[in-house]
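K.L.:
predicted model and sequence follow; I will ask about them next.
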Amino acid sequence: MQVASFGGYLLKEDILTMSFAPRDSHKSQIQFALERGIPAFLAMLGTHRLPFPAHVFDLIHCSRCLVPFTAYNGSYMIEMDRLLRSGGYFVISGPPVQWPKQEKEWTDLQDLAHTLCYELVIIDGNTAIWKKPSNNSCFALKSVPGPTLCDEHDDPKVAWYVPLKDCISQFPSLKEKENSLVELPKWPSRLNEPPQRAADIKNFLDIFKADTRRWQRRVTYYKNVLNLKLGSSSVRNVLDMNAGFGGFAAALIADPVWIMNVVPAYTINTLAVIYDRGLIGVYHDWCEAFSTYPRTYDFIHAIGIESLITDLSRGGNRCSLVDLMIEMDRILRPEGTVVVRDTPKVIDRVAKIASAIRWSTEVYDTEPESNRKEKLLVATKQFWTLSSISG
């Protein structure tokens, strides 16, 4: 990624791009991208899977990223394969594609793509485009040595602290065939179509439709009654800390803003549903620091904030609510907005911590259609310096 110019270009084409790069002390590409208002995330290919579910990206693009895809038994390219939808496209622009003094690397890359049964669509100068197959049939016929299919014990959807594999993730089952790039509903209809891969959830169709309507009502209430600046030029990006099915982001789709949907790593895995709707997001454990630079989000939304740190197996909290809110303060820009939706008891605790970290707060009732068992805290991060409080 180079300051996410590719993602910025695609925004005007109504395509959301998740750009990522490692922390770079002399270029800070991710920080630059976020300042431009482009979706971006700090991450790198190392020893663990990237924090995304399987088979969710329509296209993966690598421009002069210098990732050694053929090293370590091809595990980096196999990870890209895990993320790419059936029938999706893999694009490399720059080294080693027909690059001087990198003939061996280029040959090895083509050989690895061939063993993955990728179809080479075109080579244009230093850009190569491959297409991923739509099923496993090619692997049954393959006679050349190379990576094999993972066994049935591997779950490609699980990614939080899972080591990289050197085996190829199985393709989605027949009942999930609509996840493929060919079968997936086209944009924007896919935004409100219940994704097929969540069909195992009991009464999912009704739950999904009710969730979509609920968030449309809530966003209308946020804008018209609470007068939040959603939809204005003041809010370029939003961090939804507990995104569920992505209903909050879907309700904001007509506004000039992008939403980073976070699905907590230890709750029901709904992140693939979010991607199937045409939205973006990541897995995260909110007892750890979020992978972004300080002061990079204009708006933070948290529903059920205490559930983000609750130990579901043993009860109690895995970490401190104070630590979580300090991390939220690190992420939020000065004069940015936080909306917390939780029980009155939790909201009271959040308000006390918010005051201690110099947020101004107001507490409101929820929208009339709700059960009124929750409250809404709306906070603004104040712009202050050490000199302003020491004098």
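P.N.:
Perfect, I can see it now.

K.L.:
grab the nearest non-local neighbour of the most centrally placed residue in the chain.
P.N.:
Against the mean C-alpha coordinate of the chain, by CA atoms, centre = their mean, the closest residue is G281 at 1.7 Å. Using CB to CB, 6 or more residues apart in numbering and skipping residues adjacent in sequence, the residue nearest G281 is N261, 3.2 Å away. To be clear about C-beta, it is placed using only N, CA and C from the backbone, and glycine gets the same treatment.

K.L.:
in its sheet, what does the helix or strand hosting the one you found sit against?
P.N.:
Counting by DSSP states H and E, the element that carries N261 is strand 258-264. Next to strand 258-264 in the sheet, as set by DSSP bridges, lie strand 237-240 (parallel), strand 281-284 (parallel).

K.L.:
in that strand, which residues are buried?
P.N.:
By 16 or more other CB atoms under 10 Å, the buried positions in strand 258-264 come out as 258-264.

K.L.:
with stretch 213-224 instead?
P.N.:
Neighbour counts over stretch 213-224 (16+ other CB under 10 Å) mark 214-215, 218-219, 221-223 as buried.

K.L.:
do the same with stretch 351-369
P.N.:
Residues 351, 353-354, 359, 361, 367 are the ones in stretch 351-369 that count as buried (16+ other CB under 10 Å).

K.L.:
thinking again about what came up before, which one of the strands paired with strand 258-264 lies nearest to I201?
P.N.:
Closest approach to I201 among those is made by strand 281-284 (17.8 Å; CB to CB).

K.L.:
now the two most distant members of the buried residues of stretch 213-224.
P.N.:
R214 and K223 (15.3 Å).

K.L.:
can I get the strand holding N261 as CSV, trimmed to CA atoms?
P.N.:
Backbone C-alpha positions of strand 258-264 (Å, rounded to 0.1, in the frame of the first residue of the first chain) are rendered in CSV as follows:
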residue,chain,number,x,y,z
TRP,A,258,-16.9,5.0,5.9
ILE,A,259,-17.2,2.7,8.9
MET,A,260,-14.7,0.3,10.4
ASN,A,261,-16.9,-2.6,11.7
VAL,A,262,-15.2,-4.4,14.5
VAL,A,263,-16.4,-7.9,15.6
PRO,A,264,-15.0,-8.9,19.0
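
K.L.:
what's next to it, contact-wise?
P.N.:
16, 37, 39, 41, 236-244, 246, 248-249, 252, 269-271, 274, 279-286, 290, 297, 307-308 (CB atoms under 8 Å, 6 or more residues apart in numbering).
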